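>>> this is the structure alone, sequence omitted:
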């Protein structure tokens with residue numbers, strides 16, 4: 001009889017142990033694949049030799065922190081166990097359920113070889129480079145809005161970040177409580193794809209939009225004083241769980257910071273006039289050296305005082321000329337506050353003669369400039385500008401005659417009672433009577 005019995009005293013060992021899942025690993029740089037309820041986890045066991053069916057304890061229960069075993073003591077029987085044909089490998093698959101504890105998926109693994117030799121110790125960890133699984137039951141949420149503002153610099157204030165006009169960029173910077181996929185962000189109901197504020201950080205995001213007037217503001221209404229730019233943030237984490245609600249700037253939307261006012265229309269011009277304080281009131285369209293010329297402009301909405309600049313007869317209100325134009329802002333003739341601009345200048349010997357040229361620029365309270373950056377000039381007047389004259393009139397000819405003229409032998413002429421004397425002057429220009 002050539003038969004023999006081989007004595008096996010060698011304990012089986014683990015060659016490889018990994019998890020595979022039906023989920024997506026959205027970040028290969030960390031140690032985990034994140035799964036939500038209903039997703040499945042498969043433990044892949046590669047032992048050193050043929051073994052009996054392993055005993056796997058996988059998924060702790062939230063109620064008592066105890067494992068659910070894969071043997072007959074588990075009444076739920078929800079493991080799918082496969083003895084892989086043609087190898088000594090085994091797979092154990094189980095779906096995550098509501099009763100399982102949130103967090104890293106833990107396990108205990110033990111097995112024996114065909115003669116009953118046991119592992120030296122229960123296995124509780126995967127291979128060194130294997131991806132672990134995190135069971136996520138929590139919806140993602142916005143942690144904080146770091147900043148929400150525009151790059152506006154033209155509103156006349158030291159800080160114009162709370163005002164925006166077409167062409168301005170508005171930027172939303174926010175953080176989340178957990179790693180998320182690229183958030184869904186809408187600014188002015190237009191979708192904006194945010195980027196990571198710092199590369200590789202899935203919890204810090206920046207969304208920027210250049211305002212162009214196509215945005216939906218206040219449900220489509222455009223009131224230049226109360227247009228606030230709406231934004232919404234929707235999240236989905238690595239486990240494919242969506243945020244419970246949209247985070248937004250609306251009432252009860254979660255945002256408590258200062259909103260951005262958007263203005264899609266610049267101020268209109270209602271009227272413009274220029275006059276002088278000529279000694280003869282009827283000739284207030286003429287000025288001489290020392291006279292004050294005054295430009296009055298009425299706008300269709302409130303003007304920001306600090307945005308007004310004026311150039312009169314080539315002299316700028318922003319310059320250092322001692323006789324530069326002065327500017328004031330007040331109520332218009334209908335009592336509307338800060339809608340009437342008054343520019344005054346004393347005419348000097350250095351100012352050019354002729355029709356006085358001027359330009360006045362200004363913006364509304366949100367920084368939107370008149371005429372998209374244009375100016376009110378003498379071309380906007382319904383009449384003519386003031387004519388500045390520094391040349392004194394001269395008498396080109398002078399005659400005097402008398403209706404009853406008499407002449408003595410010496411050539412002297414005389415008039416008597418009831419005679420009419422007529423003096424005729426020819427001057428170099430029109431003069432006052």
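Sure thing, it's come through. The structure presented is a predicted model; accordingly, all values stated were derived computationally and were not measured.
>>> you'd agree residue 16 is up against residue 127?
Yes - counting by CB atoms under 8 Å, residue 16 touches residue 127, with 6.0 Å between them. To be clear about C-beta, it is placed using only N, CA and C from the backbone, and glycine gets the same treatment.
>>> wait, is residue 371 part of a helix?
Yes - when classified by DSSP: H, G, I helix; E, B strand; the rest coil, residue 371 is found to be part of a helix.
>>> from residue 151, how far off is the closest residue to it other than its chain neighbours?
Leaving aside its sequence neighbours, residue 371 sits nearest to residue 266 (CB to CB, 6 or more residues apart in numbering; 6.7 Å). According to CB to CB, to the nearest Å, residue 266 and residue 151 sit 18 Å apart.
>>> got it, and residue 104?
44 Å.
>>> show the contacting residues for residue 89.
Taking CB atoms under 8 Å, 6 or more residues apart in numbering, we find residue 89 in contact with 44-47.
>>> buried among those residues? Need that as a selection in ChimeraX.
To isolate the buried subset of the contacts of residue 89 in ChimeraX, counting by 16 or more other CB atoms under 10 Å, use the following:
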select :44,45,47
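>>> inside strands: which ones of the contacts of residue 89?
44-47 (DSSP state E).
>>> pLDDT added to those residues, as JSON lines?
Output for these, formatted as JSON lines (pLDDT from 0 to 100):
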{"residue": "44", "pLDDT": "97"}
{"residue": "45", "pLDDT": "97"}
{"residue": "46", "pLDDT": "97"}
{"residue": "47", "pLDDT": "97"}
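>>> lowest average confidence, helix or strand, in the protein?
Every helix and strand of the chain was ranked by mean pLDDT, DSSP states H and E. The lowest is strand 406-407, at a mean of 68.
>>> for stretch 319-327, give the mean pLDDT please.
Mean per-residue pLDDT for stretch 319-327: 95.
>>> buried set for that stretch?
Quick answer for stretch 319-327 (16+ other CB under 10 Å): 324-325, 327.
>>> endpoint to endpoint, stretch 110-121 covers what distance?
Stretch 110-121 has an end-to-end distance of 8 Å (criterion: CA to CA, to the nearest Å).
>>> contacts for that stretch?
Counting by CB under 8 Å, 6+ apart, 8-14, 45, 47, 49-55, 122-123 sit against stretch 110-121.
>>> ok, the residue nearest in space to the middle of the chain to residue 307 distance?
Closest to where the C-alpha atoms of the chain average out (CA atoms, centre = their mean) is residue 170, at 1.3 Å. Applying CB to CB, the value for residue 170 to residue 307 is 20 Å.
>>> my read: residue 284 touches residue 277, true?
Yes - at 7.3 Å, residue 284 counts as touching residue 277 under the criterion of CB under 8 Å.
>>> what confidence value was assigned to residue 139?
Residue 139 is given a pLDDT of 98.
>>> and residue 306, that's in a helix?
Yes - judged by three-state DSSP, residue 306 forms part of a helix.
>>> next step: the contacts of stretch 110-121 restricted to strands.
14, 45, 47, 55.
>>> any chance of JSON lines for the residues you listed, columns distance to residue 143?
Formatted as JSON lines, these follow (distance: CB to CB, whole Å):
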{"residue": "14", "distance to residue 143": "41"}
{"residue": "45", "distance to residue 143": "40"}
{"residue": "47", "distance to residue 143": "45"}
{"residue": "55", "distance to residue 143": "42"}
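>>> which ones are touching the closest residue to residue 291 other than its chain neighbours?
Sequence neighbours aside, residue 276 is the residue nearest to residue 291 in space, at 4.8 Å (criterion: CB to CB, 6+ apart). The contact partners of residue 276, by CB under 8 Å, 6+ apart, come to 284-287, 291-294, 347, 386.
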